[in-house]
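>>> From the sequence below, what's the structure:
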Amino acid sequence: MINIDLNKIWKDPVWSKVIAAGLIFILSQLFIFIWGWISNLNFIEAYQKLYKLLISDYLIKGWFILLSLIAIAWALIFVVFKLRTNGKRKAIQLLDIPKTVEENKEFPINEAPTVFFHYRFCDAFPGFDSGYRWFTSSNDINNRLKILLSHPTKFNKGEGHGIVTDPIWWFRGSSALFIQNFEVLSRKKVLLNIDELKIEKIAAYRGRSYFEDFVYVQCLPDRPTGLYNHNQLTLKSYFDDYKEYHEEFGIYKNKLISRQEYDDGSALIRGKPVKVEGAKLRTRNLTKYNFIIAAKFSPYNCDEFNRNSEDYFIQLLKGEINFDSFVTWMKKFPKNINDY
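Have a look, this model is predicted:
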């Protein structure tokens, strides 16, 4: 059996015009037939009367009225077909809207990472000098992080000595990565790069020098996706020891798929293999988790922080040290040699 994709045919620049012209012709003939039947005229008499109408003079020529009606009919057919082929998309989406200026715009940066981060820090946490402040309200946390990590945090090019295109990073132990995007998913959950995070609280630390600023982030454990069968004893040991344990998965049209299915580019959906082009990669932490956000060339991007900070992060989660002890340890790091 031959399957005909009407949507594909309609989108074809040639066939769409042929179909539209054919529909207009059929509708016009139907109109003449109905008009002749109502007026008790045969087909030839109806055409003769229509011809007299076209060459007659009213306020405007009859032929001009007919052309206007055809144009209106064509526009209506176009809208109807577009609505049908686009399903639930709104009518305003029929317009082929180009990408926004923001999406197409090039973003150069001409500030050192520590300077750039300090300005963002001041925007998000204004009104206090050195020291730190806690924030525990979900709305407050989300609003301040949206300012701190507002677009862009990743740039197309850096202009000047010591300038980089990825000025803001997260750090934890030997793990670190630049921050490319931030999004509030709900009141209780945000998206940082590909990480879904349930943030419990944050602390904004403002150093005596601009390059010492950082934001401490502490997250609650999230629910498993249900895609994997975890060893409960292993999960409990990680949970009890406050070690990092996370799931990786994909999201395709609001459906969760396994990491392997994401890598394969195809997933079993309702028992059938389906291409999942455009799926988004996600991670979810199943244990409590913490890290800091700081400038790429902050004092904390160093070997000693890489070696020893994970122990401090775990002790913070266990309550074995307070935040003042953590800040005292962080103050010992000198200015980064790459920070100009």
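>>> Helices of this structure, residue ranges please.
Secondary structure of the chain by DSSP state H: the helices cover 6-11, 15-38, 43-55, 62-85, 101-104, 113-124, 138-148, 232-240, 259-264, 303-318, 323-330.
>>> Check those helices for me: which has the lowest mean pLDDT.
Of all the helices of the chain, mean pLDDT reaches its minimum on helix 101-104 (a mean of 42).
>>> residues in contact with G319?
Residues counted as contacts of G319 (C-beta atoms under 8 Å, 6 or more residues apart in numbering): none. For the C-beta atoms, the positions are set from N, CA and C on the backbone; glycine is no exception.
>>> And the closest residue to F121 other than its chain neighbours, what's its pLDDT?
Excluding its sequence neighbours, the residue lying closest to F121 (C-beta to C-beta, 6 or more residues apart in numbering) is D213, at 4.6 Å. Note on D213: pLDDT of 98.
>>> which residues does D213 contact?
Each residue near D213 by C-beta under 8 Å, 6+ apart is listed here: T114, F117, H118, F121, A204, Y205, R206, G207, A294, A295, S298.
>>> Also F291?
Here F291 is in contact with W170, F171, R172, Y216, V217, F313 (criterion: C-beta under 8 Å, 6+ apart).
>>> One more pass at 7 Å, please.
F291 makes contacts with W170, F171, R172, V217, as judged by C-beta atoms under 7 Å, 6 or more residues apart in numbering.
>>> cool, and K296?
P113, V164, D166, P167, W169, F178.
>>> swap the cut-off to 6 Å and go again
By C-beta atoms under 6 Å, 6 or more residues apart in numbering, the residues touching K296 are P113, V164, P167, W169.
>>> Now flag whichever of the contacts of D213 is closest to S258.
Checking these against S258 with C-beta to C-beta, the nearest one is A294 at 33.5 Å.
>>> Leaving out the residues flanking it, which one is nearest to the closest one?
Once flanking residues are discounted, A294 sits nearest to F214: 4.1 Å by C-beta to C-beta, 6+ apart.
>>> Where does pLDDT dip in the stretch 101-250 of the chain?
For the stretch 101-250 of the chain, the stretches with pLDDT under 70 are 101-106.
>>> So in the protein, which strand runs the longest?
Ordering each strand of the chain by length in residues (DSSP state E) puts strand 195-206 first.
>>> Now do that one: which elements does it pack against?
Under the contact criterion of 3 or more C-beta pairs under 6 Å, 6 or more residues apart in numbering; DSSP states H and E, strand 195-206 touches strand 131-135, strand 189-192, strand 214-220, strand 280-285.
>>> before we move on, the earlier item: tell me, how many residues neighbour the residue nearest to A294?
Burial of F214 is recorded as 23 neighbouring residues (other C-beta atoms under 10 Å).
>>> any idea how far the residue nearest to F121 lies from L149?
From D213 across to L149, the span is 14 Å (C-beta to C-beta, to the nearest Å).
>>> do the same with Q218
17 Å.
>>> For S309, give me its contacts.
S309 neighbours (C-beta under 6 Å, 6+ apart): G173.
>>> Try it again at 8 Å.
S309 sits in contact with F171, R172, G173, Y300, where contact means C-beta under 8 Å, 6+ apart.
>>> For the nearest residue to the third one once chain neighbours are set aside, give me its contacts.
Once its chain neighbours are removed from consideration, G173 has its nearest residue in E310; the separation is 3.2 Å (C-beta to C-beta, 6+ apart). By C-beta under 8 Å, 6+ apart, the residues touching E310 are R172, G173, S174.
>>> Quick one: the residues you listed as TSV, columns for neighbour count too.
Formatted as TSV, those follow (neighbours: other C-beta atoms under 10 Å):
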residue	neighbour count
R172	19
G173	17
S174	11
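>>> which one of those is nearest K253?
Looking across these and measuring by C-beta to C-beta, the closest to K253 is R172, at 32.2 Å.
>>> coming back round to it: in PyMOL, how would I select just the buried ones from the contacts of K296?
Only the buried entries of the contacts of K296 go into this PyMOL selection, using 16 or more other C-beta atoms under 10 Å:
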select buried, resi 113+164+167+169
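>>> Mark which of the contacts of K296 are part of strands, please.
Judged by DSSP E, the contacts of K296 include W169 as members of strands.
>>> Check the contacts of K296 and tell me the two furthest apart.
Within those, V164 and W169 form the most distant pair, 10.0 Å apart (C-beta to C-beta).
>>> Give the full set of residues in contact with the residue nearest to D339 when sequence neighbours are not counted.
Leaving aside its sequence neighbours, D339 sits nearest to F297 (C-beta to C-beta, 6+ apart; 4.2 Å). By C-beta under 8 Å, 6+ apart, the contact set of F297 is A112, P113, T114, G162, V164, F211, N336, N338, D339.
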